[in-house]
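[1] Sharing a sequence plus its predicted fold:
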Amino acid sequence: MVLRNETKSVPEFAAQSLLKSSTVTIRDVYCRGSCPRPSAEEFATATELVFPYRGVYVRHLGNDQAVAEANQVLFFNATEGYRISHPVPGGDASLTLVISEPQLREMAPRAFLRDGAALAFRRQRLRIDARAQALMALLRHSLRQNIAEPLEAESLALTLVQRALGPRTTHAPGASVGRQRLVDRAKLVVASDLARRWTLAEIAAEVRGSPVYLTQVFQQVEGLPLYRYQLRLRLARALDLLAQYDDLTALSLDLGFSSHSHFSAAFREAYGRSPSEFRQSALYR
């Protein structure tokens with residue numbers, strides 16, 4: 001895993017195969033994120049759905065960019081060149097899914113795909129909902145713990161993709177380039193320290209905007225208030241770390257929650273079950 005206290009002996013990039021079938025290929029991908037500037041151009045060999053779950057990076061596609069963090073699914077089209085930068089230190093990790101083309105075409109709304117014979121998405125990213133975050137974490141943990149049979153994992157993966165591409169369960173950003181870049185800067189600020197209890201004034205000062213304007217623009221672009229967006233990032237980090245903590249009170253405090261009860265209530269509201277119930281279903285069933 002790519003954590004902030006890892007040594008320089010960790011490879012810059014590593015990928016672990018979790019499942020490979022005729023329907024879906026799933027990998028756990030880690031990057032140490034040592035380069036803050038855009039990388040040399042890279043290419044995906046297959047069209048991938050990428051679910052970041054730890055850390056943050058920026059994907060540059062032509063003149064467009066997307067901040068990759070745990071509230072997003074990113075689409076990497078086969079043979080399409082892109083660059084990656086890491087403006088926030090600490091590295092990142094993502095779960096990547098390659099779905100067989102017939103199944104992906106069946107699930108993806110036509111409006112999401114480009115015209116033409118090649119399978120390719122029109123957008124770089126979509127914002128996913130809390131249920132999709134939970135499905136992704138359940139899929140990843142159950143595969144890493146070797147408790148999910150292939151049929152179950154395939155079914156979970158397809159359900160996750162359907163959720164991530166569902167018009168009612170995702171949000172497509174729509175704003176001018178200037179407003180999108182302001183929101184991107186705010187995302188990088190809160191992602192730089194998830195446990196910090198940021199104030200709106202502090203974030204606005206970091207992005208050099210007014211608190212009122214930032215609040216309005218963030219809501220317009222992401223369809224969520226900034227405070228709720230940050231809360232979802234912290235809860236997604238909890239989904240990632242549940243396997244590493246026996247003491248959930250310590251986890252809640254490490255993530256900046258005022259108490260275990262506050263953390264548990266927010267977790268249950270987002271994911272429909274308590275942290276201990278989710279850990280039991282993901283790690284020990």
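    Alright, I've got the coordinates.

[2] For the rest of this, base every contact and every neighbour count on C-alpha atoms.
    Noted.

[3] okay, and the helix or strand of this structure with the least pLDDT?
    strand 170-171 (a mean of 88; mean pLDDT, DSSP states H and E).

[4] Ramachandran coordinates for residue 129?
    The phi and psi torsions at residue 129 (degrees, to the nearest 10) take the values phi -100, psi 180.

[5] Now do the nearest residue to residue 99 once chain neighbours are set aside against residue 278, distance only.
    In space, and not counting its chain neighbours, residue 99 is closest to residue 24: 4.6 Å by Cα to Cα, 6 or more residues apart in numbering. Using Cα to Cα, to the nearest Å, we find residue 24 at a distance of 24 Å from residue 278.

[6] Counting neighbours, what do you get for residue 109?
    The burial count assigned to residue 109 is 13, neighbours taken as other Cα atoms under 10 Å.

[7] Was I right to think it contacts residue 163?
    No - Residue 109 is beyond contact range of residue 163, at 11.7 Å (criterion: Cα atoms under 8 Å).

[8] mind checking how far stretch 97-109 is from the chain centre?
    Mean-position distance between stretch 97-109 and its chain equals 20 Å (Cα atoms, centre = their mean, to the nearest Å).

[9] residues in contact with it?
    Contacts to stretch 97-109, defined as Cα atoms under 8 Å, 6 or more residues apart in numbering, come from residues 22-27, 46-50, 119, 157, 161-162, 165-166.

[10] Could I get the buried residue list for that stretch?
    Buried positions in stretch 97-109, judged by neighbour count with 16 or more other Cα atoms under 10 Å: 97, 98, 99, 104, 107, 108.

[11] List the contacts of residue 165.
    107, 108, 109.

[12] Mind doing that once more with 10 Å?
    Going by Cα atoms under 10 Å, 6 or more residues apart in numbering, residue 165 touches 73, 107, 108, 109, 112, 126, 127, 128, 132, 159, 171.

[13] would you turn the residues you listed into CSV with distance to residue 282?
    Listed next are the contacts of residue 165 as CSV, based on distance: Cα to Cα, whole Å:
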residue, distance to residue 282
73, 21
107, 25
108, 27
109, 30
112, 31
126, 25
127, 23
128, 20
132, 14
159, 16
171, 27
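
[14] and these, which of them are in strands?
    Of those, the ones assigned to strands by DSSP state E are 73, 126, 127, 128, 171.

[15] wait, doesn't residue 119 sit right on residue 80?
    No - Residue 119 lies out of contact with residue 80 (Cα atoms under 10 Å); the separation is 11.5 Å.

[16] anything in contact with each of the two?
    Jointly contacting residue 119 and residue 80 under the rule Cα under 10 Å, 6+ apart are 46, 47.

[17] Could you report the distance from the spatially most central residue of the chain to residue 106?
    The centre of the chain sits closest to residue 70, judged by Cα atoms, centre = their mean, with a distance of 2.5 Å. Residue 70 sits 25 Å away from residue 106, going by Cα to Cα.

[18] And residue 91, how far from residue 43?
    20 Å.

[19] More neighbours: which of these two?
    residue 91 (24 against 13).

[20] Now the phi/psi pair for the more buried one, please.
    The phi/psi pair for residue 91 (degrees, to the nearest 10) reads phi 80, psi -180.
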